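Visitor: What follows is a predicted protein model with its sequence.
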Amino acid sequence: MALAQRSAVARSAARPSIVARPVARRVLPVVRATVPEVTDASFADDVLKSSTPVLVDFWAPWCGPCRMIAPIIDELSVEYKDKLKCVKLNTDESPQVATDYGIRSIPTVMFFKNGKKMETIIGAVPKATLVQAVEKLL
């Protein structure tokens, strides 16, 4: 056997063999709720004049943390469908409402009841934080 062949065989024998094993993945339920969008023009009617409490998700399409909490907002809209109205407001397309409420960071979630702002949560927070705010509002 040539020297180059022997060293290649020795190198491969010295390495432990790596066997690829399938990884068990946990399957999470997919909630496909469609949270309606509000705009500067529809905000007063859809949020301020609503007879039920409203969760408003201030977001933008380019915002990574906004995309992280979007499924949580979808879940809340399904779980509290009879008690809470959930809506989204794109701050790029509707900057006036965001300016009026002093939105400087997104995601920002605001809760309204009887036309008044009750609570504000800034940033991508766990679902438990949002649930706690919802329960306090109801």
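Guide: Here it is on my side, so go on.
Visitor: How about the contacts made by the spatially most central residue of the chain?
Guide: When CA atoms, centre = their mean is applied to the chain, the residue found nearest the centroid is residue 69 (1.2 Å). Listed by CB atoms under 8 Å, 6 or more residues apart in numbering, the contact partners of residue 69 are 57, 107, 109, 124, 125, 130. Backbone N, C-alpha and C define where each C-beta goes, glycine included.
Visitor: Distance of residue 120 relative to residue 36?
Guide: As for residue 120, its distance to residue 36 is 20 Å (criterion: CB to CB, to the nearest Å).
Visitor: Need the pLDDT of residue 34.
Guide: Per-residue pLDDT puts residue 34 at 80.
Visitor: That one: how many residues sit nearby?
Guide: 8 (other CB atoms under 10 Å).
Visitor: still on that earlier bit, now, which of the contacts of residue 69 lie within strands?
Guide: Counting by DSSP state E, the contacts of residue 69 place 57, 109 in strands.
Visitor: mind listing the strands for the chain?
Guide: Using DSSP E, strands in the chain cover 37-38, 54-59, 85-90, 108-113, 116-122.
Visitor: out of these, deepest packed?
Guide: Of all the strands of the chain, strand 54-59 carries the top mean neighbour count, a mean of 24, counting by mean count of other CB atoms under 10 Å.
Visitor: next one: the longest helix along the chain to chain centre, how far?
Guide: Using DSSP state H to define each element, the chain has its longest helix at helix 64-79. Taking CA atoms, centre = their mean, to the nearest Å, one finds the center of helix 64-79 at 4 Å from the center of the full chain.
Visitor: What mean pLDDT does it get?
Guide: If you average the pLDDT over helix 64-79, you get 94.
Visitor: In it, which residues are buried?
Guide: Going by neighbour count (16 or more other CB atoms under 10 Å), the buried part of helix 64-79 is 66, 69, 70, 72, 73, 74, 75, 76, 77, 79.
Visitor: Now do it against strand 108-113, angle only.
Guide: 30 degrees (axes from the mean of the first three to the mean of the last three CA atoms, to 10 degrees).
Visitor: just the CA coordinates of helix 64-79, formatted as CSV?
Guide: Included here for helix 64-79 are C-alpha records, laid out as CSV according to Å, rounded to 0.1, in the frame of the first residue of the first chain:
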residue,chain,number,x,y,z
GLY,A,64,-38.6,40.6,13.9
PRO,A,65,-40.0,40.8,17.4
CYS,A,66,-43.4,41.8,15.9
ARG,A,67,-43.4,38.6,13.9
MET,A,68,-42.5,36.7,17.1
ILE,A,69,-45.5,37.8,19.0
ALA,A,70,-48.0,37.7,16.1
PRO,A,71,-48.9,34.0,16.8
ILE,A,72,-49.5,34.9,20.5
ILE,A,73,-51.9,37.6,19.4
ASP,A,74,-53.6,35.1,17.1
GLU,A,75,-54.0,32.7,20.0
LEU,A,76,-55.4,35.3,22.3
SER,A,77,-57.9,36.4,19.6
VAL,A,78,-59.2,32.8,19.5
GLU,A,79,-59.1,32.1,23.3
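Visitor: Alright, calling it a day.
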